[in-house]
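S.K.: Task: produce atomic coordinates for the following.
(one chain, ligands or ions: 1)
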Amino acid sequence: MSELHVSPDPEAAARAAAELIADAVREARAQRGAAHVALAGGNTPKRAYEALGAALDGDWSDVHLWFGDERMVSADHPESNYRMAVEALEAGGMDDRARVHRIAGEQAPEEAAKAYALELRATVAEGAEAIPALDLALQGLGEDGHTASLFPGHREVDIDDALTAAVHDSPKPPPTRVTLTVPMLRAARRIAFLAEGAGKAGPVAAIMRGPDPAVPSSLLGGPQTVLIVDEAAAAEARPG
Ligand code: 6PG
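M.R.: A predicted model of the protein is given here:
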């Protein structure tokens, strides 16, 4: 069963997410000497990334940042998840991009996906399933129940023998992307969704109900998963 953490407003939810990331980083550094966190794209997590530096007390040592998905655009493109994240992290004090592992958006998606999987295997220690085990996967949530670039009814949701996948027909523009797969994301020690607004209330409730292949984000629910939401996004998940 996933845990639901309801914050009074989006700002409080962003701060809660930043604190959760920092807690995962501190635990990983203490136990394994380094932390590996996958970041979500989109707009919602921007404020959390701006707050991360303070939550870490400015200690970015041994923090490796990855991406749950990327749009196939250049690193400086306005639609780039990498650009959104590094600009927000740097606004919060991050001063070194060396351990930010970018998906090469300027390459062909199959090529970029393959290279990213190799980089994950070479850098992140395997967990129980012989899959690189991230310490935390921070996930966004679409109103249709997608997460990363795993969209309802799309074949990438069913991939069970690869860490990454190329996407050519994303219903959310831009259409071409690279995404981590369900097995790669489920292998994370902890998974946190950050969602806000009434439009996300349906998918939040779906994740809390349990796995449903028609709702890709719900496949990442479970005891390792927390949903950090504001009141509006919690509306359908809370009894009464
Ligand atoms: C992307 C994201 C995507 C996003 C959700 C929520 O590249 O678009 O990874 O999965 O997290 O669509 O987006 P918002 O936070 O902008 O609502």
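
S.K.: alpha carbons only for contacts and neighbour counts from here, please
M.R.: OK.

S.K.: was I right about residue 147 contacting residue 138?
M.R.: No - applying Cα atoms under 8 Å as the test, residue 147 and residue 138 come out as separate, 10.0 Å apart.

S.K.: For this structure, what lies in contact range of the ligand?
M.R.: 40-44, 69-70, 140-142, 147-149 (Cα under 6 Å from any ligand atom).

S.K.: Go again with 5 Å.
M.R.: 41, 42, 43, 44, 140, 141, 142, 147, 148 (Cα under 5 Å from any ligand atom).

S.K.: ok, the residues you listed vs residue 97, which is closest?
M.R.: residue 41 (16.8 Å; Cα to Cα).

S.K.: count of neighbours near that closest one?
M.R.: A count of neighbours around residue 41, defined by other Cα atoms under 10 Å, yields 27.

S.K.: Checking it next. Helix, strand or coil?
M.R.: coil (DSSP: H, G, I helix; E, B strand; the rest coil).

S.K.: got the residue ranges for the strands in this protein?
M.R.: Counting by DSSP state E, the chain has strands at residues 3-7, 35-39, 63-67, 69-71, 136-139, 164-167, 177-180, 191-195, 225-230.

S.K.: Of the ones you listed, which is nearest residue 109?
M.R.: With Cα to Cα as the measure, strand 164-167 is the member of the strands of the chain nearest residue 109 (5.1 Å).

S.K.: Tell me which other helices or strands the closest one touches.
M.R.: helix 109-123, strand 177-180 (3 or more Cα pairs under 8 Å, 6 or more residues apart in numbering; DSSP states H and E).

S.K.: possible to save the strands of the chain as JSON lines with distance to residue 100?
M.R.: What follows is the strands of the chain, written out as JSON lines (distance: least, Cα to Cα, whole Å):
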{"stretch": "strand 3-7", "distance to residue 100": "28"}
{"stretch": "strand 35-39", "distance to residue 100": "10"}
{"stretch": "strand 63-67", "distance to residue 100": "5"}
{"stretch": "strand 69-71", "distance to residue 100": "13"}
{"stretch": "strand 136-139", "distance to residue 100": "14"}
{"stretch": "strand 164-167", "distance to residue 100": "17"}
{"stretch": "strand 177-180", "distance to residue 100": "16"}
{"stretch": "strand 191-195", "distance to residue 100": "19"}
{"stretch": "strand 225-230", "distance to residue 100": "23"}
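
S.K.: Turn those into CSV, columns for mean neighbour count and mean pLDDT.
M.R.: Listed next are those as CSV, based on neighbours: other Cα atoms under 10 Å; pLDDT from 0 to 100:
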stretch, mean neighbour count, mean pLDDT
strand 3-7, 19, 98
strand 35-39, 25, 98
strand 63-67, 22, 98
strand 69-71, 29, 98
strand 136-139, 28, 99
strand 164-167, 25, 98
strand 177-180, 27, 98
strand 191-195, 26, 99
strand 225-230, 25, 98
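
S.K.: So which of those strands is nearest residue 101?
M.R.: strand 63-67 (5.1 Å).

S.K.: from the chain's centre, how far out does the closest one sit?
M.R.: Distance, stretch centre to chain centre, for strand 63-67: 10 Å (Cα atoms, centre = their mean, to the nearest Å).

S.K.: again, but for stretch 176-191
M.R.: On Cα atoms, centre = their mean, the centre of stretch 176-191 falls 8 Å from the chain's centre.

S.K.: For it, measure first residue to last.
M.R.: 25 Å (Cα to Cα, to the nearest Å).

S.K.: and the nearest residue to residue 106 once chain neighbours are set aside, what does it touch?
M.R.: Once flanking residues are discounted, residue 106 sits nearest to residue 74: 5.0 Å by Cα to Cα, 6 or more residues apart in numbering. Neighbour list for residue 74: 80, 104, 105, 106 [criterion: Cα atoms under 8 Å, 6 or more residues apart in numbering].
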